[in-house]
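K.L.:
Please find the sequence and the predicted model below.
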Amino acid sequence: MTQTMTQSASKVEREAARRRTFAIISHPDAGKTTLTENMLSAAGAIRLAGAVRARGEQRRTRSDWMKIERERGISVSASVMTFEHRDCMFNLLDTPGHEDFSEDTYRTVTAADAAIMVLDAARGIEPQTLKLFEVCRLRGIPILTFINKMDREAEDIFALLDQIQDQLALDASPQQWPAGSGARFAGVRELRGEDFLIYPRAQDDDAPKRERIAFDDAQLSEFIEPDTLMQLREESEIALEGYPEFDRQAFLDGDMTPVYFGSALRKFGINQLLDALAEYSPPPAPVETESGETVAPGDDEVSGFVFKVQANMDPNHRDRVAFMRLCSGEFKRGMKLRTATSARQITVSSPILFFAQDREIVDEAYAGDVIGVPNHGVLRVGDSLSENGKLRFVGIPNFAPEILRRARTKDPLKAKHLRKALESLAEEGVTQLFKPALGAELIVGAVGPLQIDVMAERIEAEYGLEVVFEQPAYTTARWLGGAEADIENFLDRNKSQAAEDLDGSPVYLAKNAWEISYAEEKFPKITFLKAKERVL
Ligand code: G4P
């Protein structure tokens, strides 16, 4: 147990304290999937490596439920994986890699307490790394860095660490220093320990494998080429002098990142990363509610919030699964929970825990855990759930879409069906739906173009409708803030551009950014919001 807990702590507190709920962020191809797979296998997890995303031929048959994922070779839907390592229970929230899904990613990050940032050692920080990092920074979650693919020729390590400092304004604290890279890669020196961790390829195939050796052991030179060893001695001494020591508080505040090195593909460095995650990343923290109360993980009352809804995960069941992150209490199967918005009661009789692509029914869960709640559309992204139905957590935002499309079916008689399909996809939180005040057309909003393609594909596959998306007269949308009378007055005078979102919140559809500035000037009492923070 890494977290000190007094004997008197309740079971609920102890269980919550050993949860580590985290996400992995990376630019596509940096190795997130490989790391995930091998983390699961290193942790002796439930499923063998390869289950996360079946590769090649297997991928086509086994993996996912959508053609678009296969065609484009990307993983559109996020999933959750649970595994145990040492005394900790890890919940890994998989974030979609494609840039169009940043909103989805953002929501996933709202459910994580920490993140691992994976960098390709030859490429350093890439555009998507930066975007995802910003998402983490907004949420203020701590980040561990894993520099991957050390078995390939890497960029200069000092330069990589400089990138972290300069581009992310984050203090890098290397916990290890690599000996060479590519064909010369021999392992890593622990900077806060005494040992050198030996990369297996640096050893004779027939000799029994050694995992570590003291850095001052004379035999060290058997595992590292002389030049590489000299370079390692020099560089690691400079690193020990030049980089700040790890400061847990600075890490928890999001100001410092501990840096680890390895090869996800060769399963090197993964255990150290898991150990660091267990030791340094925070257990679930108390969460604030709208009324200013604080819900602590050890509280008796069971509570949580929905950060993602996914439909048709299993083609054999046309159900939906709401992903709920628990915030407090001891959840038991069969429990009744109420939503804060609709005060509807839900009996959670088959809560699901996710193991890679498989699901299993869980009997109990604690703060930090993510459980899937099958339902028929009752639960929405952003719903707060609790036993008494009174807790409302704050803060899952919607973002102003960067792409708007008018949706229609080829068959006009199917308009009603289309409305239902669009509504239900918007309820999942994948895309947004705006209903203009005038006319019957429906405007779909997305953060990126791929979401529109995914949507068309799903509407066809799941609802049997052929949908056409067209460019409407507007290109952007803003939620409106201000006094009710002022908003009404504004909408009245801009009827042709007035709309409401799925929750009935007023929205202004604008032709361009200039039009928004103009409206801002003319209606100073109205605020035009780029993000709508839903009260849960
Ligand atoms: P992603 O989820 O971040 O997009 O990356 P993914 O794990 O799919 O890895 C991208 C590519 O990089 C894969 O190769 C993978 O095998 C390779 N890779 C991941 N980690 C390492 C590593 O530590 N060392 C080396 N040398 N390669 C690594 P691919 O050829 O694109 O795919 P595949 O044919 O292996 O599936």
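P.N.:
Received the coordinates, thanks.

K.L.:
And Tyr508, what's its pLDDT?
P.N.:
pLDDT recorded at Tyr508 is 96.

K.L.:
Name the helix or strand for the closest residue to it other than its chain neighbours, please.
P.N.:
In space, and not counting its chain neighbours, Tyr508 is closest to Arg478: 5.0 Å by Cβ to Cβ, 6 or more residues apart in numbering. No exception for glycine: its C-beta is placed from N, CA and C like everyone else's. Element membership for Arg478 (DSSP states H and E) is strand 476-481.

K.L.:
Going by neighbour count, which residues in that strand are buried?
P.N.:
For strand 476-481, the neighbour count (16 or more other Cβ atoms under 10 Å) marks 476-480 as buried.

K.L.:
Hmm, Ser505 and the residue nearest to Tyr508 touching each other?
P.N.:
No - here Arg478 lies out of contact with Ser505, judged by Cβ atoms under 8 Å, at a distance of 11.0 Å.

K.L.:
Can you tell me what sits against the strand holding Arg478?
P.N.:
Residues from elsewhere that reach strand 476-481 (Cβ atoms under 8 Å, 6 or more residues apart in numbering): 398, 400-402, 404, 432, 434, 443, 445, 487, 490-491, 499, 501, 505-510, 512-513, 516, 526-532.

K.L.:
Which of those fall within strands?
P.N.:
Judged by DSSP state E, the contacts of strand 476-481 include 398, 404, 432, 434, 443, 445, 499, 506-510, 527-529, 531-532 as members of strands.

K.L.:
Mind giving me the ChimeraX select for these, buried ones only?
P.N.:
Only the buried entries of these go into this ChimeraX selection, using 16+ other Cβ under 10 Å:
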select :398,404,432,434,443,445,499,506,507,508,509,510,528,529,532
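
K.L.:
Output the buried residues of strand 476-481 as CSV; include the columns pLDDT.
P.N.:
Converted to CSV, the buried residues of strand 476-481 look like this (pLDDT from 0 to 100):
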residue, pLDDT
Thr476, 89
Ala477, 91
Arg478, 92
Trp479, 91
Leu480, 94
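
K.L.:
Redo these as CSV? Include distance to Ala278.
P.N.:
Formatted as CSV, the buried residues of strand 476-481 follow (distance: Cβ to Cβ, whole Å):
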residue, distance to Ala278
Thr476, 44
Ala477, 43
Arg478, 44
Trp479, 41
Leu480, 46
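
K.L.:
On the pLDDT front, check the spatially most distant residue from the centre of the chain for me.
P.N.:
Going by Cα atoms, centre = their mean, the residue of the chain most distant from its centre is Ala218, 44.8 Å out. You'll see Ala218 listed with a pLDDT of 94.

K.L.:
measure the residue nearest to Tyr508 to Ala531 for me?
P.N.:
Arg478 sits 10 Å away from Ala531 when distances are taken as Cβ to Cβ, to the nearest Å.

K.L.:
got any residues that touch both of those two?
P.N.:
With contacts taken as Cβ under 8 Å, 6+ apart, the residues that reach both Arg478 and Ala531 are Ala400.

K.L.:
Close to the ligand: what parts of the protein are there?
P.N.:
26, 28-34, 55, 97, 148-149, 151-152, 263-265 (Cβ under 6 Å from any ligand atom).

K.L.:
Let's see the ChimeraX selection covering just the buried ones among the residues you listed.
P.N.:
In ChimeraX, a selection of the buried entries from these looks like this (16+ other Cβ under 10 Å):
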select :26,30,31,32,33,34,97,148,149,151,263,264
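
K.L.:
give the contact list for the residue of the stretch 101-250 of the chain found nearest the ligand.
P.N.:
Proximity to the ligand, evaluated over the stretch 101-250 of the chain using Cβ to the nearest ligand atom, is greatest for Lys149 at 4.0 Å. Neighbour list for Lys149: 30-31, 120-122, 263-265 [criterion: Cβ under 8 Å, 6+ apart].

K.L.:
Quick one: distance of the strand holding Arg478 to the chain centre.
P.N.:
Strand 476-481 has its C-alpha centroid displaced from the chain centroid by 26 Å (Cα atoms, centre = their mean, to the nearest Å).

K.L.:
Which neighbours in the sheet does that strand have, and how are they oriented?
P.N.:
Using DSSP bridges, strand 476-481 pairs in its sheet with strand 506-510 (antiparallel), strand 527-529 (antiparallel).

K.L.:
how far is the shortest one from where the chain is centred?
P.N.:
The one in question is strand 527-529. Here strand 527-529 is found 27 Å from its chain centre; the criterion is Cα atoms, centre = their mean.

K.L.:
ok, and what's touching stretch 485-497?
P.N.:
Residues from elsewhere that reach stretch 485-497 (Cβ under 8 Å, 6+ apart): 436-438, 474, 480-482, 498, 506, 508-510, 519, 523, 525-526.

K.L.:
can we see that at 7 Å?
P.N.:
437-438, 474, 480, 498, 506, 508-510, 523, 525-526 (Cβ atoms under 7 Å, 6 or more residues apart in numbering).

K.L.:
ok, back up a step: separation between the residue of the stretch 101-250 of the chain closest to the ligand and Arg18?
P.N.:
31 Å.

K.L.:
cool, and Glu457?
P.N.:
41 Å.

K.L.:
Who are the packing partners of the lengthiest helix in the chain?
P.N.:
As assigned by DSSP state H, the longest helix anywhere in the chain is helix 226-242. Under the contact criterion of 3 or more Cβ pairs under 7 Å, 6 or more residues apart in numbering; DSSP states H and E, helix 226-242 touches strand 176-179.

K.L.:
Can you give the strand pairings for the very next helix or strand once past the strand it packs on, parallel or anti for each?
P.N.:
Sequence order places strand 187-190 as the next helix or strand after strand 176-179, per DSSP H and E. Strand pairing for strand 187-190, determined by DSSP bridges: strand 176-179 (antiparallel), strand 195-198 (antiparallel).

K.L.:
among the ones you listed, which is the most enclosed?
P.N.:
With neighbours taken as mean count of other Cβ atoms under 10 Å, these reach their highest mean count in strand 176-179, at a mean of 26.

K.L.:
what is the mean pLDDT for it?
P.N.:
Strand 176-179 comes out at a mean pLDDT of 98.

K.L.:
Show me what it is in contact with.
P.N.:
Around strand 176-179, the neighbours that count as contacts under Cβ under 7 Å, 6+ apart are 150, 157, 185-191, 224, 228-229, 232, 235-236, 239, 260-261.

K.L.:
Now do the strands in the stretch 351-500 of the chain.
P.N.:
352-355, 358-361, 364-365, 370-375, 384-386, 394-399, 403-409, 432-436, 442-446, 467-470, 476-481, 498-500 (DSSP state E, counting those that start in this stretch).

K.L.:
Switch the ones you listed over to TSV; also include distance to Tyr243.
P.N.:
Putting those into TSV (distance: least, Cβ to Cβ, whole Å) gives the following:
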stretch	distance to Tyr243
strand 352-355	37
strand 358-361	42
strand 364-365	39
strand 370-375	34
strand 384-386	42
strand 394-399	34
strand 403-409	42
strand 432-436	44
strand 442-446	42
strand 467-470	50
strand 476-481	43
strand 498-500	52
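
K.L.:
Buried deepest among the ones you listed, which one?
P.N.:
Stretch with highest mean neighbour count among those: strand 384-386 (a mean of 27; mean count of other Cβ under 10 Å).

K.L.:
For it, give me every contacting residue.
P.N.:
Residues contacting strand 384-386 (Cβ under 7 Å, 6+ apart): 301-305, 324, 337-340, 391-393, 536.

K.L.:
Per-residue confidence, Ala365, what does it come out as?
P.N.:
92.

K.L.:
which residues does it contact?
P.N.:
Contacts of Ala365 were listed using Cβ under 7 Å, 6+ apart, and they are 326, 331, 351, 371.

K.L.:
repeat that with 6 Å
P.N.:
326, 331, 371 (Cβ atoms under 6 Å, 6 or more residues apart in numbering).

K.L.:
Could I get those in a markdown table, plus columns for pLDDT?
P.N.:
Formatted as a markdown table, the contacts of Ala365 follow (pLDDT from 0 to 100):
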| residue | pLDDT |
| --- | --- |
| Leu326 | 95 |
| Phe331 | 94 |
| Ile371 | 86 |
